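Q: What follows is a predicted protein model with its sequence.
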Amino acid sequence: MGSHIECTKILGLEGYRVKEIMFDGTGNQARLRIRIERRGVRGHRCSGCLRRCWRIRDAKDRTWDDLPWAGYRVTLVYRQRRVQCMTCGIRTERMSFADSKARVTRRLRQLIGLDCQSMPTSHAAVRHGVSWGKARRAERAFLETWDISRPKRRPRHLGADEIQRGKGYRFWTVLSDLVRGEVWGLARDRTEASLEELLTNCLDARQRAVVQAVCTDMHKPYVNAVTHVLPKAEVVFDKFHVLQHASAALDEVRRKEFFRAGNVMRAVGRGKRWLLLRRWRTVRGSKRRELQELFAANRRLFKAYVLREQLDHLWTYKTRTGVLNFLLSWFKALRWQRLPEMERLGDFLLTHINGIAAFCDHAVRFGVVESVNATIKGVIRRARGMRDERFLLLKLKWATARPVRSARDYARFLDAEWLHSNR
Ligand SMILES: [Zn+2]
């Protein structure tokens, strides 16, 4: 073996030097076992209070997985002391390169954690030659350290939304920062209490004070929770949820028309449900012709479709009176059409006009709401049966915050200095 001084330099663990290097196994399983020792004698730090201690009780060999050297996986071996601390009693010595009880060094933990964000945990585990459990623990520690180190933002706009959990009638409530498009909190239900708890736990008093608007769907418990916890904030109804109600009304019209229709309508209308629910501007070419045929066969369906398309204009107004006037004229157009489903929709919109028109004062970014939802669904689908809620929340935070956007960000997560300052 070459000079240990050079090996110490390559290993690059501050305060430790290489004492011995052994080869272990051959081929794919080849490992380097590097025995390291503390440099200089300056006592040993107690893992409880971080103070230096000189009284050593006993010592035991411990191993940590570390970054590979060329083709070799690396195991660090160190004789870890147990110290007799004046304040804590018997404690193990604190290691500067690894968390207590961790089986991998902190820099390997960062690498595994970062990899786990773009590949399955099992894949990352194989790649770094560690067990699945080790990789999962490393990922968790990685995400937790990242989460703690983040600055506390004070967003103007929040979003509270429900996400379906599994196949049954079970939901998550998700709280997010709509200015930056990041998830903040996750609760198991969609009750008033769960959102209240989220709003009080995820935000401190200073953060709550600056919230101007909360974007939700028209779920009553959410509205109650917001008015209760954030009396100064206004509720803005999510555009896409409002339009979802409009599409549901249109679908209802379609079902009725199809039911009482003759042969012509049945022939034209069969299998057109999804086409009909699409927006006109997203329909192109032959599909557009199909829709036109359908409308030619049934005027009422056409009317309902146009009415739904017009609702888009609700969000183009700058004043609340503008919104109200538009809705009233929309009602007028509805008058002699005999479309009870659309009339019901109109009543529904009128009772929720405040939340819809609140958009004029608070320009909530609805696109962000949608993109956050899409990201959440993606993460949940990829995670399949993730039982650990806290872990899922960390994954969601990472996926929506997207902290790695450049080579510099990437390097920051692997940087040894940042890791030390973070401890
Ligand atoms: Zn101590």
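A: Arrived safely, thanks for sending. Numbers count the residues shown, from 1 in each chain.

Q: Can you name the helix or strand that the residue of the stretch 251-400 of the chain found nearest the ion falls in?
A: Minimum separation of the stretch 251-400 of the chain from the ion (C-beta to the ion) falls at residue 390, amounting to 28.7 Å. Yep, even glycine has a C-beta here, placed from its N, CA and C like the rest. Here residue 390 is covered by helix 389-401, with elements defined by DSSP states H and E.

Q: What are the buried residues along that helix?
A: Buried residues in helix 389-401, counted by 16 or more other C-beta atoms under 10 Å: 391-401.

Q: now do stretch 215-226
A: In stretch 215-226, counting by 16+ other C-beta under 10 Å, buried: 215-219, 221-223, 225-226.

Q: In strands, which of the residues you listed fall?
A: If you go by DSSP state E, the buried residues of stretch 215-226 have 215-216 in strands.

Q: got the buried residues of stretch 215-226 as a markdown table, with distance to residue 240 and pLDDT columns?
A: Formatted as a markdown table, those follow (distance: C-beta to C-beta, whole Å; pLDDT from 0 to 100):
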| residue | distance to residue 240 | pLDDT |
| --- | --- | --- |
| 215 | 10 | 91 |
| 216 | 12 | 89 |
| 217 | 9 | 86 |
| 218 | 12 | 85 |
| 219 | 14 | 85 |
| 221 | 19 | 89 |
| 222 | 15 | 89 |
| 223 | 17 | 90 |
| 225 | 21 | 90 |
| 226 | 18 | 90 |
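
Q: from the buried residues of stretch 215-226, which two are the most distant?
A: Maximum pairwise distance among those (C-beta to C-beta): 15.5 Å, between 215 and 221.

Q: Quick check: closest non-adjacent residue to residue 195.
A: residue 225 (3.9 Å; C-beta to C-beta, 6 or more residues apart in numbering).

Q: For the one you found, give me its contacts.
A: Neighbour list for residue 225: 160, 192-193, 195-196, 199 [criterion: C-beta atoms under 8 Å, 6 or more residues apart in numbering].

Q: If we use 6 Å, what do you get?
A: 192, 195-196 (C-beta atoms under 6 Å, 6 or more residues apart in numbering).

Q: hang on, residue 198 packs against residue 184?
A: No: with contact defined as C-beta atoms under 6 Å, residue 198 does not reach residue 184; the gap is 7.8 Å.

Q: what is residue 59 paired to in the beta sheet?
A: Counting by DSSP bridges, residue 59 is bridged to residue 81.

Q: Begin at 58, not 1, for the rest of this chat.
A: Got it, the first residue is 58 from now on, which makes the last one we talked about residue 116.

Q: ok, it - how many residues close by?
A: Per other C-beta atoms under 10 Å, the neighbour tally for residue 116 reads 15.

Q: Then residue 350?
A: Quick note: residue 350 (other C-beta under 10 Å) scores 12 neighbours.

Q: what's the closest non-adjacent residue to it?
A: Per C-beta to C-beta, 6+ apart, closest to residue 350 is residue 325, 5.6 Å.

Q: so how far is residue 173 from the one you found?
A: 52 Å (C-beta to C-beta, to the nearest Å).

Q: where exactly do the strands run in this protein?
A: So, for the chain - with DSSP E - the strands run 73-81, 88-95, 101-102, 109-110, 113-126, 129-142, 146-149, 214-221, 228-234, 239-244, 270-273, 291-294.

Q: Go through the top helix by length along the chain and flag the buried ones.
A: What stands out as the longest helix in the chain, according to DSSP state H, is helix 296-317. Going by neighbour count (16+ other C-beta under 10 Å), the buried part of helix 296-317 is 296, 298-300, 302-304, 306-311, 313-315.

Q: quick one: it to strand 214-221, angle?
A: 40 degrees (axes from the mean of the first three to the mean of the last three C-alpha atoms, to 10 degrees).

Q: Point out the other elements, helices or strands, that helix 296-317 touches.
A: When contacts are defined as 3 or more C-beta pairs under 6 Å, 6 or more residues apart in numbering; DSSP states H and E, helix 296-317 sits against helix 356-367, helix 397-408.

Q: could those be laid out in JSON lines, adding distance to the ion and mean neighbour count?
A: Putting the helices and strands packed on helix 296-317 into JSON lines (distance: least, C-beta to the ion, whole Å; neighbours: other C-beta atoms under 10 Å) gives the following:
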{"stretch": "helix 356-367", "distance to the ion": "68", "mean neighbour count": "18"}
{"stretch": "helix 397-408", "distance to the ion": "63", "mean neighbour count": "16"}
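
Q: would JSON lines of those helices with mean pLDDT be doable?
A: Formatted as JSON lines, the helices and strands packed on helix 296-317 follow (pLDDT from 0 to 100):
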{"stretch": "helix 356-367", "mean pLDDT": "86"}
{"stretch": "helix 397-408", "mean pLDDT": "86"}
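
Q: All set, thanks.
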